[in-house]
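Q: Fold the following, please.
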Amino acid sequence: MRPTEPAAAHSHRPTQKQTNKAFKSGHHSSKSSLKDAAKGRTSRPSERKSRPKTTNATLAASHSKLNRRNHAKQMQGKKLAALEDVGRIFSRKGADRVSRVVAVVPLTGDLSALQIVEQLLKSVDVECEGEGAVRTGDVVKFHNQSLRFILLPPASAPSSLFPILDATAAADFVVFGLSSEVEVDEVGETCLRALTGTGVGASGGVLGVVATLPSNLSHSTATRSSLHSFLTHFFPTIDRLACAAHATEASTVVRALCDKIPKGTRWREGRPRVLAERVEWDANEDGEFGTLRVEGVVRGARMSADRLIHLQGFGDFMIEKITSAPRATRTSKAGDETMDVLEDLSVPSPDADDLEAENVPDDADLLLGEQTWPTDAEIASAPAASSSRLGGEMLPPALPGTTPRRLKKVPKGTSAYQAAWILDDSDDEDWGSEDEEEVATDDAMDNDSESVVMDSGMDDTASVSARPFADLSPEQEAIQLQAYLADRARERALQNRDDMDFPDEIDTPLEVPARERFQRFRGMKSFRTSPWDPYEELPEEYSRCFMFEDFKRMGRKMELKAQREGVEAGTRVVVHIKNVPRALIDAHNPALPLVVFGLLKHEHKYSVMHFTIQRNTECTETVRSKDPLVVILGPRRFVINPIFSAHTSRGGGRGANNVHKFERFLRHGINATIATAYLPITFGSQPAVLLRVPASATAPDQTTHLIGTGSLLSSDPTRITAKRLILTGHPFKVHKKTATIRYMFFNQPDIEYYKPIALRTKRGRTGHIRESLGTHGYFKAGFDGPIDQMDVICLNLYKRCFPKWASVWDGGYVGAPKIREIEDAAEARGEDERDDVEME
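A: I've put the predicted structure just below:
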């Protein structure tokens, strides 16, 4: 056994003293405490630690911080300068004082705009002056400001939408009147949505007023909260809803109108405008046109006589001159008697814009690519050539004012009455070029036929003794019109549902070869990347359009140019507009505002304009491409037949090849849709509002519907809108990657014609046509993988689409069907609708 070692003796540390960590004063010590701790000692920093080590990263970070700080300072200076410019207009005193324009919009029918204005001015002890649709008041209490109120009809009236849009576009502030007893109807909500689409809520000059509130405090608080929540849904900048019946709250509204500086919207402040205070019209010698003189204050940008102006419903006009407005406060130097000093502030220069809206190409440029244009000698010998072909028979010329005649080939011995019942080849619909066999047959029959002169204005199948056409009574026409519109609406809804379930799919016709029926369509290897020449097979309307090399740069250049020329904003002027039709002064209603909007240079010329549209969720109507609609693009309104296409986000909105898919219907969704139309050029980011107005006076729905809102995208004639057609087939026999397809074509030549185009299936397979099987349209196809028997084989074809020419909207009905179209509604709807959807 191992002996145990003796236990070691326990010993303590030699000392029990504990040393704690010294307290560090840090940067919070005072100067006196640091001086006492130093006790007169000073330290010299070494050379190595005298400067902090600088690297490229730290230097770039410091420069980036300085740049951000400098940029923020510059932006702050620009905003302050812009506010000073706007506020400088209202800071003028005396005769040069400018009134603040306030548009009063009652949202319900039980309110009156005049009642709201009287309650507001009464709260500050100001007398309401004026008559008609304008009331004024000088508020000395708040900086001696002058308020000019525009009294508007209730928003619940169907005809009040466009007067409200005109007034709010020219006003500095908008006051909405709400009722505590009547709710805002659908028409009023449509008006509010249209105002938000024009950018009224972004200006910050929107106020809400409720006429009266319940006497019960709890009911009053709940009502105020509910109305405020409703109004802030459209205009989030409204902080509080005031009651006009309470003098304290009404005076707060008046003080906000006098003290607040309106921010304004960029599209409106970048162009001049004049709200008419006095309108006069002097006729010319012919009596139908004359000079319109509009007196008012220039708002927004500078107004120049070199630029055109726009009058709602009548188009663009040229300015004869801009003179100063006569004021009785101006006196002469010789005495105290008053006199009107009229001086020309702006006159047109040689650089003034003209009214030429369309490009007029030369004949040489228009026919430059035509290689078969006949020469002068061929044109001169044309009658002789036609005479020899017809066996010496010449078509006699038509007398002035009569219907032109034409020749029809009929068997010998046929009378004119019998010839009227014989169908000519030209009477049938032309699906393509004539075959060589048909041409040879016609030449062989020339020997056994003769030519009979027929009246081209008569129906070939009509009898000579037919009675004249009898018009229906207005009641019968109204009944047939309503039935036609109801049937068309049901058919359009059915087509919309079919397009959603089977987009772009179409059945191959049996009676017409596919290569002739779809001869204007082409195949593409890749819709996203395959090239497409944007200048091939253009319609005649493209020769009338203008094109810019850089549209956005030109817009910025024109905006800067407009800021340097013309009459300064805030000047009271008289605008002399020449060649204005008498219809404008006859249609002018003194109770509604008349606004003169100025245009930038080149904004009268037509081009291909594209703007984004976000569908209104409250509107459930079916909207199809090329439907007649009204678009509000900035300060102007047009009747357009737009075509819709998908919005491409990649490549700056252009994509790789600037080809975009055509959309047959404008659908709801979070993604915006691009609408394309021929429109006058508009620079800047202008708001776009798409509306559908009543089609006729007898239409059952007389309200204006808001289709959608958006903004201007660009002006690009090279943007290609490609319509897609999908020919579908069914797998008849399947063996791994090979299948026999049927029901896509019904003859062998069509298969050979479309053989180079690739195939795809709905389940993601791709392939191509290998060979034709038989004569009934069966063919063998190979794919990149095994396919299913229940799969659908697709072949994509594309064709470029173009919109229709637009015009200025005159405020009338849009899209009214013709009476003769109603007479044969069944056949017209059966064929015209199908051709419009499939062929266009």
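Q: Now the spatially most central residue of the chain: which helix or strand?
A: The C-alpha lying nearest the average C-alpha coordinate of the chain belongs to Ala688 (C-alpha atoms, centre = their mean; 4.0 Å). Element membership for Ala688, per DSSP states H and E: strand 687-692.
Q: got the contact list for that strand?
A: 194, 197-199, 267, 611-613, 621, 623, 627, 629-634, 675, 704-712, 814-815 (C-beta atoms under 8 Å, 6 or more residues apart in numbering). Where you see a C-beta, it was placed from the backbone N, CA and C, and this is true even at glycine.
Q: one more time with 6 Å, if that's ok
A: By C-beta atoms under 6 Å, 6 or more residues apart in numbering, the surrounding residues in contact with strand 687-692 are 194, 197-199, 611, 613, 629-633, 704-705, 707-711.
Q: Among the residues you listed, name the ones in strands.
A: Of the contacts of strand 687-692, the ones assigned to strands by DSSP state E are 611, 613, 629-633, 705, 707-711.
Q: right, and out of the residues you listed, which lies closest to Asp166?
A: Ile632 (10.4 Å; C-beta to C-beta).
Q: Is there a neighbour count for that closest one? I'd like the number.
A: By other C-beta atoms under 10 Å, 22 other residues sit near Ile632.
Q: quick one: buried residues of stretch 518-527?
A: Going by neighbour count (16 or more other C-beta atoms under 10 Å), the buried part of stretch 518-527 is Phe518, Phe521, Met524, Phe527.
Q: Just put the residues you listed in TSV and tack on distance to Ser218.
A: Converted to TSV, the buried residues of stretch 518-527 look like this (distance: C-beta to C-beta, whole Å):
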residue	distance to Ser218
Phe518	70
Phe521	69
Met524	68
Phe527	63
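Q: With secondary structure, pLDDT and distance to Gly570 as extra columns, can I get these in CSV?
A: Compiled in CSV, the buried residues of stretch 518-527 are given as follows (DSSP: H, G, I helix; E, B strand; the rest coil; pLDDT from 0 to 100; distance: C-beta to C-beta, whole Å):
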residue, secondary structure, pLDDT, distance to Gly570
Phe518, coil, 93, 62
Phe521, coil, 93, 58
Met524, coil, 91, 57
Phe527, coil, 90, 54
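Q: so which of the residues you listed comes closest to Arg800?
A: For the buried residues of stretch 518-527, the nearest to Arg800 is Phe521 (9.7 Å; C-beta to C-beta).
Q: tell me which element the closest residue to the closest one other than its chain neighbours falls in.
A: Computed as C-beta to C-beta, 6 or more residues apart in numbering, the closest residue to Phe521 that is not its neighbour in sequence is Leu797, at 3.8 Å. Using DSSP H and E, Leu797 maps to strand 793-800.
Q: Show me what that strand is packed against.
A: Applying 3 or more C-beta pairs under 6 Å, 6 or more residues apart in numbering; DSSP states H and E, we find strand 793-800 packed against strand 720-735, strand 759-761.
Q: how about a cut-off of 10 Å?
A: Using 3 or more C-beta pairs under 10 Å, 6 or more residues apart in numbering; DSSP states H and E as the contact test, the elements touching strand 793-800 are strand 659-663, strand 720-735, strand 738-742, strand 759-761, strand 766-773, strand 778-783.
Q: quick one: strands adjacent to the fourth one?
A: What it means is strand 759-761. Next to strand 759-761 in the sheet, as set by DSSP bridges, lie strand 766-773 (antiparallel), strand 793-800 (antiparallel).
Q: ok, and what's touching it?
A: 726-727, 729, 731, 739, 741, 744, 765-769, 779, 781-783, 785, 787-788, 791-796 (C-beta atoms under 10 Å, 6 or more residues apart in numbering).
Q: Next, Phe289: phi, psi?
A: phi -130, psi 160 (degrees, to the nearest 10).
Q: Next, count neighbours for it.
A: 17.
Q: Find the nearest non-adjacent residue to it, please.
A: Asn579 (5.0 Å).
Q: Any stretches of the stretch 401-550 of the chain with poor pLDDT?
A: Across the stretch 401-550 of the chain, the ranges flagged by pLDDT under 70 are 401-470.
Q: at 50 what do you get?
A: Across the stretch 401-550 of the chain, the ranges flagged by pLDDT under 50 are 401-403, 425-449, 452-453, 456-465.
Q: mind listing the helices for it?
A: 416-419, 436-445, 474-501, 514-517 (DSSP state H, counting those that start in this stretch).
Q: go on, the stretch 551-700 of the chain?
A: Under DSSP H, counting those that start in this stretch, the stretch 551-700 of the chain gives helices at 551-562, 582-587.
Q: what bridges to Gly315?
A: Leu311.
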